[in-house]
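Engineer: compute the structure for the input listed below.
(one chain, ligands or ions: 2)
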Amino acid sequence: MSIHVVVMGVAGCGKSTVAEAIHERLGYAYAEGDDFHPQANIDKMSAGIPLTDEDRWPWLNVINSWMVAREALGENTVVSSSALKRSYREVLAKDVPTFFIHLNGSHELIQQRLSERKGHFMPPALLPSQFAILEPLAPEENGVEISIEGSVDEMVDRAIEALNAYAATVAATVAAQTAAQAA
Ligand SMILES: Nc1ncnc2c1ncn2[C@@H]1O[C@H](COP(=O)(O)OP(=O)(O)O)[C@@H](O)[C@H]1O
Ligand SMILES: O=C(O)[C@H](O)[C@@H](O)[C@H](O)[C@H](O)COP(=O)(O)O
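Structural biologist: Residues are numbered from 1 along each chain as shown. Ligands and ions are numbered 1, 2, ... in the order given. Model prediction:
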């Protein structure tokens with residue numbers, strides 16, 4: 001069983017930064033969720049208009065298909081995707097065991113990091129609309145929330161520690177299944 005990670009949270013929380021670090025440190029196949037948006041979605045966000053559920057379903061399905069294809073190849077994956085609502089996460093995790101890492105921080109801190117980011121289509125003015133629909137992980141969802149406070153290295157270390165703990169539970173499950181089959 002492969003491991004599939006979605007790094008989630010509002011625009012500017014650090015998803016791409018953390019997902020790339022997981023790719024670099026652990027070798028998981030990596031995709032930037034924004035790269036799967038149709039041009040119409042990019043145009044809409046660039047114009048300062050929040051996406052609707054209808055805009056997001058096809059995008060979420062394409063990301064899910066990418067993960068499902070990698071699962072079939074036995075690859076581990078990490079993808080950045082805002083995954084703001086539980087219903088979005090259900091689409092992302094369809095037919096593939098998915099671990100969500102929610103990067104959480106204050107509106108003020110994320111606004112500041114967004115306003116300093118250069119060369120990105122997402123206007124900082126859309127941040128309130130992202131917080132407005134954000135549904136944090138429920139206890140029964142497969143994932144963890146980590147703080148984005150501190151340096152990039154501190155944030156990445158927290159994410160990798162959480163992922164390693166999850167990977168250990170997956171390995172233990174696989175070992176138990178293998179032992180049961182051999183018995
Ligand atoms: N812990 C951190 N400390 C300082 N700057 C950060 C930190 N995490 C991310 N950043 C910066 O904040 C901005 C948003 O991060 P990014 O990874 O692009 O977020 P997202 O992919 O969620 O939109 C980027 O300019 C990034 O370099
Ligand atoms: O569902 C959405 O409204 C968008 O996907 C949004 O959440 C995402 O954040 C943008 O694609 C901006 O990209 P960044 O998150 O990288 O800023």
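Engineer: other SSEs contacting the helix or strand harbouring Glu20?
Structural biologist: Secondary-structure assignment from DSSP states H and E places Glu20 in helix 15-26. Judged by 3 or more CB pairs under 8 Å, 6 or more residues apart in numbering; DSSP states H and E, helix 15-26 is in contact with strand 4-8, strand 29-32, strand 77-80, strand 98-104, helix 152-182. Quick note: C-beta positions are derived from backbone N, CA and C, even for glycine.
Engineer: how about those, which one is nearest Ser129?
Structural biologist: Closest approach to Ser129 among those is made by strand 4-8 (16.1 Å; CB to CB).
Engineer: tell me the mean pLDDT for the closest one?
Structural biologist: On average, the pLDDT along strand 4-8 is 98.
Engineer: so what are the sheet partners of it and their directions?
Structural biologist: In the sheet containing strand 4-8, its partner strands are strand 77-80 (parallel), strand 98-104 (parallel), by DSSP bridges.
Engineer: what residues are up against Leu84?
Structural biologist: 8, 10, 130, 133-135 (CB atoms under 8 Å, 6 or more residues apart in numbering).
Engineer: out of those residues, which are buried?
Structural biologist: In these, burial by neighbour count holds for 8, 10, 130, 134, counting by 16 or more other CB atoms under 10 Å.
Engineer: tell me the predicted confidence for the last one.
Structural biologist: Which is Leu134. Looking at Leu134, its pLDDT stands at 98.
Engineer: the one 10 residues further on too?
Structural biologist: Val144 carries a pLDDT score of 98 in this model.
Engineer: looking at this, it is in a strand?
Structural biologist: Yes: membership of Val144 in a strand is supported by DSSP: H, G, I helix; E, B strand; the rest coil.
Engineer: these two touch, right, it and Asn104?
Structural biologist: No: with contact defined as CB atoms under 8 Å, Val144 and Asn104 do not form a contacting pair (10.2 Å).
Engineer: so where does Gly119 fall, helix or strand?
Structural biologist: For Gly119, there is no enclosing helix or strand under DSSP H and E.
Engineer: count of residues packed around it?
Structural biologist: Neighbour count of Gly119, defined by other CB atoms under 10 Å: 4.
Engineer: for ligand 2, see how far away it is.
Structural biologist: 12 Å (CB to the nearest ligand atom, to the nearest Å).
Engineer: ditto for Ser81
Structural biologist: Separation of Ser81 from ligand 2 (CB to the nearest ligand atom): 7 Å.
Engineer: in the chain, where is pLDDT below threshold?
Structural biologist: Scanning the chain for pLDDT under 70 picks out nothing.
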